[in-house]
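Enquirer: need coordinates for the following:
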Amino acid sequence: MQGSFTNLKRLFFASIACVLGAAALTYVVDPLQLFRPSRLVAAFYSDDTRVQNAGLIRSQSFDTAFMGTSLAIHYRQSDIDRALGVHSLKLAMTGSNSRQQAFVLEQAIDRGARRVVWAMDDFSFVDAADIEADPYLSVDLYRRTTKGIASYLFSAAMAKESLFALLRSVPPLRAPLSRAAPYLPVRFALSDVDDIYALPRDFDVANGYNAKRALAAFAYITDPVRSRFLGEGYSYDAMVRHFERDVVGLITRHPDVTFDIYFPPYSILQFVAMRDASPPTLKIVTDVTAVVATRLTQLPNVRLHDFRAIKAVTHDLDNYSDVIHHSPVVDAMVLGWLRSGEYRVDPKAPLASLNELKVQVEAYRVER
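Expert: Numbers count the residues shown, from 1 in each chain. From the prediction side, this is the model:
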């Protein structure tokens with residue numbers, strides 16, 4: 001009996017030692033760079049932006065935060081910097097809502113961002129969990145609370161990443177493990193912060209973005225079996241409420257920060273799909289964006305840009321992979337428009353571009 005108790009005690013202390021050792025390894029290597037920029041080992045990054053952003057905000061130097069959903073995810077920081085003359089940090093998160101975006105931007109502003117470039121999608125205002133209860137974004141990790149730090153240090157996944165990073169720092173293993181990283185079950189596989197969720201530089205744009213894909217996506221979402229999903233989550237009252245809380249609230253709390261906010265250039269098919277398959281949703285979208293445009297143009301530290309009615313782009317379906325996601329060619333155009341201010345919304349006529357979009361949507365006929 002005494003021997004069994006002794007073995008159990010040894011197992012207990014051995015388990016404690018393993019857990020503490022793994023936590024120490026994570027702290028020393030710090031794969032997320034939550035405590036310090038990477039020095040012991042080469043820095044690697046993850047496409048899991050909701051987690052990675054917590055480390056980027058702590059470890060990177062920047063004066064501009066770039067935010068958005070999947071429509072802004074493929075931009076490269078180097079292109080943003082070159083086009084706008086800034087030192088940017090891309091914080092875009094696929095499928096993110098306004099609560100998540102505002103929370104992350106608040107952290108970036110607290111760390112020194114004096115300018116925000118924000119791609120504002122209407123569907124980011126749909127109803128979702130409160131930020132404190134959000135299952136997809138760890139506010140404690142961003143705030144570095146005791147709970148957040150503990151969840152980071154005592155994470156088996158982070159211990160695995162730390163061990164892999166340590167092995168990757170051994171000279172004979174560095175090259176082969178770095179090449180193999182994208183194909184291994186590790187999250188921190190990108191060696192350049194510029195590559196986070198960016199398309200490969202040799203990506204076949206013509207094959208990935210073309211009218212065939214856009215029209216196929218249009219047919220799919222307007223099929224009667226699925227068309228009801230076009231309006232899922234859209235509620236005028238809720239969306240306006242979230243806009244006021246998350247966007248206007250953030251902007252008014254930081255009057256010394258300049259906000260360049262833009263409506264992305266969806267293809268015309270996005271709005272035509274609503275027109276044909278879900279007219280109430282189209283009305284909600286236009287009514288909400290009318291409120292957004294009117295409200296934002298009243299704020300002195302906001303420059304609002306509307307790219308939705310640029311017919312030469314939005315009617316050229318070869319620019320799209322579906323009804324909303326535009327190609328890197330359009331990415332470059334967007335940065336140029338932001339630099340020039342060519343499509344900045346006039347505070348004296350905040351609905352002019354929206355009214356032009358409505359005319360285009362009404363007149364457009366789909367060529368199948």
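
Enquirer: could I get the full set of strands for this protein?
Expert: Under the criterion DSSP state E, the chain contains strands at 45-46, 64-67, 88-90, 115-119, 188-190, 258-263, 302-306.

Enquirer: would you single out the least confident of those strands?
Expert: Sorting the strands of the chain by mean pLDDT places strand 188-190 lowest, at a mean of 90.

Enquirer: return the set of buried residues in that one.
Expert: By neighbour count on 16 or more other C-beta atoms under 10 Å, the buried set for strand 188-190 is Phe188, Ala189, Leu190. (C-beta placed from N, C-alpha, C; glycine too.)

Enquirer: how about stretch 341-349?
Expert: Tyr343, Arg344, Val345, Pro347.

Enquirer: in CSV, list the C-alpha atoms belonging to that stretch.
Expert: Provided in CSV are the C-alpha atoms of stretch 341-349 (Å, rounded to 0.1, in the frame of the first residue of the first chain):
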residue,chain,number,x,y,z
GLY,A,341,-9.5,60.8,-51.7
GLU,A,342,-11.2,60.6,-55.1
TYR,A,343,-14.3,58.9,-53.8
ARG,A,344,-14.5,60.6,-50.4
VAL,A,345,-18.1,61.2,-49.4
ASP,A,346,-19.0,64.9,-49.3
PRO,A,347,-20.5,65.7,-45.8
LYS,A,348,-22.8,68.1,-47.7
ALA,A,349,-24.2,65.2,-49.8
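
Enquirer: contact partners for Lys358?
Expert: By C-beta atoms under 8 Å, 6 or more residues apart in numbering, the residues touching Lys358 are Thr286.

Enquirer: measure it to Leu299 for me?
Expert: 24 Å (C-beta to C-beta, to the nearest Å).

Enquirer: with Phe66 instead?
Expert: Relative to Leu299, Phe66 is positioned 19 Å away (C-beta to C-beta).

Enquirer: quick one: which of the two has more around it?
Expert: More neighbours surround Phe66 than the other of Phe66 and Leu299, with 26 against 17 (other C-beta atoms under 10 Å).

Enquirer: residue contacts, Glu356?
Expert: Here Glu356 is in contact with Ala309 (C-beta under 8 Å, 6+ apart).

Enquirer: for the nearest residue to Ile80 once chain neighbours are set aside, list each beta-bridge partner.
Expert: Closest residue in space to Ile80, ignoring its immediate chain neighbours: Ser88 at 4.3 Å, by C-beta to C-beta, 6 or more residues apart in numbering. Beta-bridge partners of Ser88, counted by DSSP bridges, are Thr64.

Enquirer: Ser88 reaches Thr64, doesn't it?
Expert: Yes. Using C-beta atoms under 8 Å, Ser88 makes contact with Thr64 at a distance of 4.4 Å.

Enquirer: okay, and the common contacts of those two?
Expert: Residues within reach of Ser88 and of Thr64 at once, by C-beta under 8 Å, 6+ apart, are Ile80, Val117.

Enquirer: now distance to Val225 too, for the strands of the chain, in a markdown table please.
Expert: Below are the strands of the chain laid out as a markdown table (distance: least, C-beta to C-beta, whole Å):
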| stretch | distance to Val225 |
| --- | --- |
| strand 45-46 | 36 |
| strand 64-67 | 34 |
| strand 88-90 | 36 |
| strand 115-119 | 30 |
| strand 188-190 | 38 |
| strand 258-263 | 30 |
| strand 302-306 | 33 |
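
Enquirer: for Thr289, find the nearest of the ones you listed.
Expert: strand 258-263 (6.8 Å; C-beta to C-beta).

Enquirer: next one: that closest one to chain centre, how far?
Expert: Remark: strand 258-263 is offset 15 Å from the chain centroid, using C-alpha atoms, centre = their mean, to the nearest Å.

Enquirer: which other residues reach stretch 78-96?
Expert: For stretch 78-96, the surrounding residues in contact (C-beta under 8 Å, 6+ apart) are 49-50, 53, 56-57, 60-70, 72-73, 75-77, 100-101, 104-105, 108, 113, 115, 117, 119, 124, 194, 196-197, 331-332, 335-336, 338-339.
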